[in-house]
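# pasting the sequence and the predicted coordinates here, then a few questions.
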Amino acid sequence: MAQNFQDKTSKISAVASWVPDYILNNDELSKMVDTSDEWITTRTGIKERRILKDPLLATSDMGANAVNELLKKRGIAPDEIDLIICATVTPDMLFPATACLIAEKVGAKNAFGFDLSAACSAFLFALDCGDKYIVSGQYKKIVVVGADKMSSIVDYTDRKTCVIFGDGAGAVLLEPGECKDVGIQDSILKVDGAGGEYLKMVAGGSLNPATIDTVKMGQHYIYQDGKTVFKFAVTKMADVSEEIMKKNNLKGEDISWLVPHQANLRIIDATAKRMNVDQSKVMVNIHKYGNTTAATIPICLSEWESRLKKDQNLILAAFGGGFTWGAIYLKWAY
Ligand code: UT7
């Protein structure tokens, strides 16, 4: 068993994503609630989002599709996976964990797995967790999934939230890095529970189990105080990105790619500006998918994969309900 973690790293060795075919664009949404393409575009940068329409399909199906693609790309069999960590705020059900359902669907017979709940920061928290299992020497192949069927908890009569969210999934494979200059270099992750009241789903847990009243009051939908969340997000995501750069002696020009959580184009722009990173180096696909919560970052990595080069410096940054936020610095491995 490895004792010295210092010179060990984990690396992302493959990445894949899956989004539903059905596109709900701003004009269609404007027929459902009192909003407009102009309002949504200028306030958020979103033009359309994907919706998983089939009522028989859930988060685990999107996650399994992404994982199957991942395994195909890396050319490995499902029974080689040691661990599946599923970052999600929309598990198929409270239990069993969605990671177990994904393991079953992809045939990962030798893997254990669990879900990680940290809302929009969950993929980063899960990636960091996977990294620690690899550098400890205990496991060699870890799949980190970010998947959310946000349409299952969105109230399509509430224009304050329904315009923002969409469905999708992404996955990465983590394996041991060859040397300390490859793969995940550093992470800074944070929570502030005082922010919990501003972005939450009130009912369905042990505090407010489902009743006819919780359903009538719409407490199984996302509640968000958008203005307050925006204020925190725009500051904290930039703060933590700046902090990880300083800690690793990185300047704006050293960053090859900023991979930000896709919640609002204004938050992404503010973060890039504070980091002094040019817009051409910022992964942005919010116009196509909206906010897919835990899936935004792996979907970005997957879409940009062909443009990534070995040794490039990437900063991954996110902010979400909890509040939760963080940044990961990694050197691309292939
Ligand atoms: O991903 C996890 C973390 N989440 C975030 O980072 C989201 C952070 N928050 C935001 O991105 C923004 O707060 C929103 C996009 C959610 C809202 O934008 P905003 O600029 O903060 O708008 P607002 O909530 O302050 O609302 C401004 C006005 C209000 O009207 P009045 O009171 O000024 O007359 C709203 O009723 O815009 C109205 N409004 C809308 N109008 C048309 C709110 N939603 C809509 C809408 N269409 N969809």
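It's in.

# where along the stretch 101-250 of the chain do the helices fall?
Using DSSP state H, counting those that start in this stretch, the helices of the stretch 101-250 of the chain run over residues 122-135, 159-162, 212-216, 226-247.

# format the ones you listed as JSON lines; extra columns: distance to Ala295 and mean pLDDT.
All C-beta spots, glycine's among them, are computed from the backbone N, C-alpha and C. Below are those laid out as JSON lines (distance: least, C-beta to C-beta, whole Å; pLDDT from 0 to 100):
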{"stretch": "helix 122-135", "distance to Ala295": "7", "mean pLDDT": "98"}
{"stretch": "helix 159-162", "distance to Ala295": "17", "mean pLDDT": "97"}
{"stretch": "helix 212-216", "distance to Ala295": "27", "mean pLDDT": "98"}
{"stretch": "helix 226-247", "distance to Ala295": "17", "mean pLDDT": "97"}
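
# most tightly packed of these?
Most buried of those, by mean neighbour count (mean count of other C-beta atoms under 10 Å): helix 122-135, with a mean of 25.

# related to what we said a few turns ago, could you dump the helices of the stretch 101-250 of the chain to a markdown table with distance to the ligand?
Below are these laid out as a markdown table (distance: least, C-beta to the nearest ligand atom, whole Å):
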| stretch | distance to the ligand |
| --- | --- |
| helix 122-135 | 11 |
| helix 159-162 | 4 |
| helix 212-216 | 23 |
| helix 226-247 | 3 |
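
# not counting sequence-adjacent ones, nearest residue to Ser117?
Val89 (6.4 Å; C-beta to C-beta, 6 or more residues apart in numbering).

# no, scratch that, I was asking about Gly45
Of all residues not flanking Gly45 in the chain, Leu265 sits nearest, at 2.7 Å (C-beta to C-beta, 6+ apart).

# so what does that neighbour look like in phi/psi?
phi -60, psi -30 (degrees, to the nearest 10).

# go ahead and confirm it touches Asn285.
No - counting by C-beta atoms under 8 Å, Asn285 is not a contact partner of Leu265; they are 10.6 Å apart.

# which bits of the stretch 151-300 of the chain sit near the ligand?
Neighbours of the ligand within the stretch 151-300 of the chain, by C-beta under 6 Å from any ligand atom: 159-160, 163-164, 226-227, 229-230, 233, 263-264, 267, 291.

# can you do 5 Å?
Residues of the stretch 151-300 of the chain lying near the ligand by C-beta under 5 Å from any ligand atom: 159-160, 163, 226-227, 229-230, 233, 263-264, 291.

# those residues: which two are farthest apart?
Arg159 and Ala233 (19.5 Å; C-beta to C-beta).

# what average pLDDT does the helix or strand hosting Ala318 get?
For Ala318, the host element (DSSP states H and E) is strand 313-320. In this model, strand 313-320 has an average pLDDT of 98.

# may I have the strands that pair with that strand, each with its orientation?
strand 257-260 (parallel), strand 324-331 (antiparallel) (DSSP bridges).

# that one vs the ligand: in contact?
Yes - judged by C-beta under 5 Å from any ligand atom, strand 313-320 comes into contact with the ligand at Gly320.

# what's the angle between that strand and helix 226-247?
Here the directions of strand 313-320 and helix 226-247 differ by 150 degrees (axes from the mean of the first three to the mean of the last three C-alpha atoms, to 10 degrees).

# heads up, I number from 9, so please use that
I'll keep to 9 as the first residue from here, and by that count the last item is strand 321-328.

# now strand 321-328 - C-alpha only, CSV.
In CSV, the C-alpha atoms belonging to strand 321-328 read as follows (Å, rounded to 0.1, in the frame of the first residue of the first chain):
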residue,chain,number,x,y,z
ASN,A,321,-3.0,23.8,-17.6
LEU,A,322,-6.7,23.6,-16.8
ILE,A,323,-8.6,25.2,-14.0
LEU,A,324,-12.0,23.7,-13.2
ALA,A,325,-14.2,25.9,-11.1
ALA,A,326,-17.8,25.7,-9.7
PHE,A,327,-20.3,27.2,-7.3
GLY,A,328,-23.6,25.7,-6.2
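
# now it and helix 130-143, what's the angle there?
Using the same axes, to 10 degrees: strand 321-328 against helix 130-143 is 130 degrees.

# pull out the buried positions in strand 321-328.
321-328 (16 or more other C-beta atoms under 10 Å).

# what parts of the stretch 9-158 of the chain come near the ligand?
43, 47, 51-52, 128.

# distance of Glu261 relative to the ligand?
As for Glu261, its distance to the ligand is 27 Å (criterion: C-beta to the nearest ligand atom, to the nearest Å).

# that residue and Thr67: what is the separation?
39 Å (C-beta to C-beta, to the nearest Å).

# again, but for Ala202
Ala202 sits 28 Å away from Thr67, going by C-beta to C-beta.

# compare neighbour counts for these two and give me the winner.
Using other C-beta atoms under 10 Å as the criterion, Ala202 and Thr67 rank with Thr67 on top: 29 against 9.

# next, count neighbours for Gln146.
Neighbours of Gln146 (other C-beta under 10 Å): 13.

# outside of stretch 39-53 itself, list whatever touches it.
33-35, 37-38, 54-55, 164-167, 170-172, 272-274, 276, 292, 294-295, 298 (C-beta atoms under 8 Å, 6 or more residues apart in numbering).
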